[in-house]
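>>> Mind folding the following:
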Amino acid sequence: MQLWSTWWSVLWLLRPGFSRLRTFLWFATAVAGFTVRTDLLGVTSIVRGLKLNERFYTVCWSPFTAARLSSID
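Residues are numbered from 1 along each chain as shown. Model prediction:
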């Protein structure tokens, strides 16, 4: 658990670069996915690595939705 605490502390240093917390949390989710994925098969490997529901691939990772999510709040 210490490794993830350190990982989060380092990632949190990037928080000022995001105007919205929600956008930062999606960024943190993507970085976590890159951290734990075991294959290199694109965005789906991030979703599988985090064991997210597969609906997150189409709902949250498409470019249109990502732009829309960043404008929420």
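>>> Longest helix in the chain, by number of residues?
helix 21-36 (DSSP state H).
>>> So which elements touch that helix?
In terms of contacts (3 or more Cβ pairs under 8 Å, 6 or more residues apart in numbering; DSSP states H and E), helix 21-36 is packed against helix 2-12, helix 43-49, helix 63-70. Backbone N, C-alpha and C define where each C-beta goes, glycine included.
>>> Could you pull out the buried residues of that helix?
23-24, 26-30, 32-33 (16 or more other Cβ atoms under 10 Å).
>>> before we move on, what about stretch 36-55?
37, 45-50.
>>> from those residues, which single one is nearest Met1?
Nearest to Met1 out of the buried residues of stretch 36-55 is Leu50 (Cβ to Cβ; 17.0 Å).
>>> quick one: contacts for that closest one?
Listed by Cβ atoms under 8 Å, 6 or more residues apart in numbering, the contact partners of Leu50 are 29, 32-33, 36.
>>> switch to 7 Å and redo it
32-33, 36 (Cβ atoms under 7 Å, 6 or more residues apart in numbering).
>>> Tell me the secondary structure at Lys51.
Under DSSP: H, G, I helix; E, B strand; the rest coil, Lys51 falls in the coil class.
>>> re earlier: out of the buried residues of helix 21-36, which is nearest to Trp4?
Ala32 (8.9 Å).
>>> Ramachandran coordinates for the nearest residue to that closest one once chain neighbours are set aside?
In space, and not counting its chain neighbours, Ala32 is closest to Leu50: 6.3 Å by Cβ to Cβ, 6 or more residues apart in numbering. Leu50 adopts backbone torsions of phi -90, psi 0, taken as degrees, to the nearest 10.
>>> For Leu50, give its distance to Phe24.
17 Å (Cβ to Cβ, to the nearest Å).
>>> Ok, Thr38 next?
Thr38 is 25 Å from Phe24, by Cβ to Cβ.
>>> Thr38 reaches Gly49, doesn't it?
Yes. Using Cβ atoms under 7 Å, Thr38 is in contact with Gly49, at 6.4 Å.
>>> How about the contacts made by Phe27?
Contacts of Phe27 by Cβ under 7 Å, 6+ apart are Phe18.
>>> would a markdown table of the buried residues of stretch 36-55 with distance to Trp12 and pLDDT be doable?
A markdown table is the format used below for the buried residues of stretch 36-55 (distance: Cβ to Cβ, whole Å; pLDDT from 0 to 100):
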| residue | distance to Trp12 | pLDDT |
| --- | --- | --- |
| Arg37 | 22 | 74 |
| Ser45 | 25 | 71 |
| Ile46 | 20 | 71 |
| Val47 | 23 | 72 |
| Arg48 | 26 | 72 |
| Gly49 | 21 | 72 |
| Leu50 | 19 | 70 |
